[in-house]
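Novice: Just the structure for this:
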Amino acid sequence: LTWKPITKAFIHRRADDSIVVNSVSELLGHAKVLLGHKPRQIKGRNFEIPGAGGFLLAGKAEYLENYYVPGKEIEVFENLGDLVEKINYFLAHEAEREEIRRLGHERTLQEHTFEKRLNDIFKAMGLSEKVKAK
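Specialist: Below you'll find the model as predicted:
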């Protein structure tokens, strides 16, 4: 380890060149990365697969449960053994897999489209323009 990543755990430089002390949560996040515990991140495919009508069996990712209900709208696995177990389970339980697929697709169309995301951003910015999908 060099001094630079350790320093970044405690302070960071903003776009305006000011230096700010990191919050406790930022410090803990940097510590996890420095110790090799990188959190798994949500990927585009976590929305694209259910959005296209597919059954999503994904690796557990930080905050994914804020967007879908695991076991109801998507399914997640913890490790390779869990993945193999769930693949075998859902191949043998087609009706349950289909219900999760259907609910995940519905949730995506209701809450996770580009139209919805852009309108949420515009609303947060105080803009009233609506994006309409063609």
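Novice: In contact with the most centrally placed residue in the chain, which residues are there?
Specialist: Nearest to the mean C-alpha position of the chain, by CA atoms, centre = their mean, lies I42 at 2.8 Å. Residues in contact with I42 (CB atoms under 8 Å, 6 or more residues apart in numbering) are 61-64, 67. C-beta: built from backbone N, CA, C; applies to glycine.
Novice: hmm, who's touching the longest helix along the chain?
Specialist: Counting residues, the longest helix in the chain under DSSP state H turns out to be helix 94-111. Contact with helix 94-111 is made by 47, 50-51, 53-56, 67-68, 71-75, 90-91, 116, as judged by CB under 8 Å, 6+ apart.
Novice: Just the ones in helices from these, please.
Specialist: 47, 50-51, 90-91, 116.
Novice: Buried among the contacts of helix 94-111? Need that as a selection in PyMOL.
Specialist: To isolate in PyMOL the members of these that are buried, counting by 16 or more other CB atoms under 10 Å, one can use:
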select buried, resi 47+50+51+55+56+67+68+73+74+75+90
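Novice: residue contacts, A31?
Specialist: By CB under 8 Å, 6+ apart, the neighbours of A31 are A9.
Novice: residues near the nearest residue to F90 once chain neighbours are set aside, how many?
Specialist: Spatial nearest neighbour of F90, excluding adjacent residues (CB to CB, 6 or more residues apart in numbering): R97 at 4.4 Å. Look at R97: counted by other CB atoms under 10 Å, it has 17 neighbours.
Novice: picking that back up, correct me if wrong, but the residue nearest to the centre of the chain is in a strand.
Specialist: No - with DSSP: H, G, I helix; E, B strand; the rest coil as the criterion, I42 is coil rather than part of a strand.
Novice: hang on, L127 in a helix?
Specialist: No - remark: L127 does not belong to a helix; assigned using three-state DSSP, it is coil.
Novice: Begin at 33, not 1, for the rest of this chat.
Specialist: Okay, using 33 as the starting number, the last item reads as L159.
Novice: measure it to A124 for me?
Specialist: 49 Å (CB to CB, to the nearest Å).
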